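Asker: please work out how this folds:
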Amino acid sequence: MNKAAPVRERRRINVQEVGIYGAAILIFAIFGILNNNFLTPGNLRDIAVAASINAIIGLGVTFVIITGGIDLSVGSIASVVGIISATLMTANGVSPFLALIIGIAAGLACGVVNGLLITRLKLPPFIATLGTMSIFQGLAYVTTDGKPVYNIPQEFILMLNSYIGGVPVMVVIVAVVGILCWLVLRRTVFGENVIAVGGSEETAWLSGIRVNRVKVMVYALSGGLAGLAGLILVARINAAQTEGGSPYLLTAIAAAVIGGANLMGGEGRIAGTLVGALILGALTNGLVLLNVPSFYEQIVTGSVVVIAVALDQGAKGWPILKRGTGPGTPVAGEPALAEAETK
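Answerer: So this is what the prediction gives:
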């Protein structure tokens, strides 16, 4: 039995994990040196608050990416959920807590729609969620004729945008959601099934896993967390905007990718996604403190994503460049899947 492959795999995972945390420490250290205000408690709190929406959406996207899918509708789901809940509170007198529950339920429903389009109609995830991204965004416009919703009840704002022992509520929510997501992914049968589906749908199906059910549940989770993020955004800015969640689509996916999620499926880290969101929040905050024009933020974010994926591929030995590498093709020192299944 060749022991080199397991050792090499273990070393690769360690390098990726250390690289993510090392990059975060380096970024915080650099900005701390360049600006004395960066590492102050107040500014670190602001970074955590700014990263919270990306973190929550990114956690849901992480599950989707692990299955080998993608969800381009999360930003639109955040927008339409915010509009729906805000309208219910301001125009229909619905209580803030009930509006919160309805909003999360609406996000879950949007996610289920995505899952059914992918599993029942057999649409590619990219095409399905690209279409629903436009549909959900259109619903946000139709609901209020494209106008923002103001006069959000103070009770709703305090519920999601206040402090607990000096810690922002939204940061506490991120911590709780992050712990729950980690437990679901690493300590439940459902989490094992999610990883198995991302590794190989055919093998998962042959193992008795209901692949379609897992996919629908994953997209529902992504939609529900996007809806929660949209509600937090409403409480943060004291208004619901028709395109409020749109800017968070790419940054949430970027947080998951920076955190180690493999766009080919089968791999992703909850803690890594949270660190990825913090990295993006620190970059934005640091550039503002350094008086760098805001449009450079997109260039920096894109560069960080490219570097993260490049380092991930490099740690894997650049498998994409290996000749003959494909489904069922053995990589040096590793038996072919077909041979393994026949034994």
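
Asker: how about stretch 161-181 as PDB, C-alpha atoms only?
Answerer: Extracted in PDB, the C-alpha atoms of stretch 161-181 (Å, rounded to 0.1, in the frame of the first residue of the first chain):
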ATOM      1  CA  ASN A 161     -28.600  46.000  15.100                       C
ATOM      2  CA  SER A 162     -27.900  46.500  18.800                       C
ATOM      3  CA  TYR A 163     -25.300  45.200  21.300                       C
ATOM      4  CA  ILE A 164     -25.000  42.300  23.700                       C
ATOM      5  CA  GLY A 165     -22.400  42.900  26.300                       C
ATOM      6  CA  GLY A 166     -20.700  45.400  24.000                       C
ATOM      7  CA  VAL A 167     -20.700  43.000  21.100                       C
ATOM      8  CA  PRO A 168     -22.900  43.800  18.000                       C
ATOM      9  CA  VAL A 169     -25.900  41.500  17.700                       C
ATOM     10  CA  MET A 170     -25.100  40.800  14.000                       C
ATOM     11  CA  VAL A 171     -21.600  39.600  15.000                       C
ATOM     12  CA  VAL A 172     -23.200  37.300  17.600                       C
ATOM     13  CA  ILE A 173     -25.600  36.000  14.900                       C
ATOM     14  CA  VAL A 174     -22.700  35.300  12.600                       C
ATOM     15  CA  ALA A 175     -20.900  33.300  15.300                       C
ATOM     16  CA  VAL A 176     -24.000  31.300  16.100                       C
ATOM     17  CA  VAL A 177     -24.800  30.600  12.500                       C
ATOM     18  CA  GLY A 178     -21.200  29.700  11.800                       C
ATOM     19  CA  ILE A 179     -21.100  27.200  14.700                       C
ATOM     20  CA  LEU A 180     -24.400  25.600  13.600                       C
ATOM     21  CA  CYS A 181     -23.200  25.300  10.000                       C
END
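
Asker: any idea of the mean pLDDT for that stretch?
Answerer: Mean pLDDT, stretch 161-181: 95.

Asker: mind checking how far that stretch is from the chain centre?
Answerer: Counting by CA atoms, centre = their mean, to the nearest Å, stretch 161-181 is centred 17 Å from the centre of its parent chain.

Asker: flag the shaky bits of the stretch 1-150 of the chain, pLDDT-wise.
Answerer: Within the stretch 1-150 of the chain, the stretches with pLDDT under 70 are 1-16.

Asker: OK, contacts around the one residue sitting closest to the centre of the chain?
Answerer: Nearest residue to the geometric centre of the chain (CA atoms, centre = their mean): G58, 1.3 Å. By CB atoms under 8 Å, 6 or more residues apart in numbering, the contact list for G58 reads 252-253, 255-256, 259, 273-274, 276-277. Every C-beta, even on glycine, is put in place using the N, C-alpha and C of the backbone.

Asker: could you do T242 as well?
Answerer: 79, 83, 137, 140-141, 144, 146-148.

Asker: residue ranges for the helices of the stretch 151-300 of the chain, please.
Answerer: 154-160, 169-187, 189-199, 201-206, 211-237, 248-258, 270-289, 296-315 (DSSP state H, counting those that start in this stretch).

Asker: looks like L233 contacts S52 (just checking).
Answerer: No: counting by CB atoms under 8 Å, L233 stays clear of S52, with 9.4 Å between them.

Asker: ok, back up a step: list only buried entries from the contacts of T242.
Answerer: 79, 83, 137, 140, 144 (16 or more other CB atoms under 10 Å).
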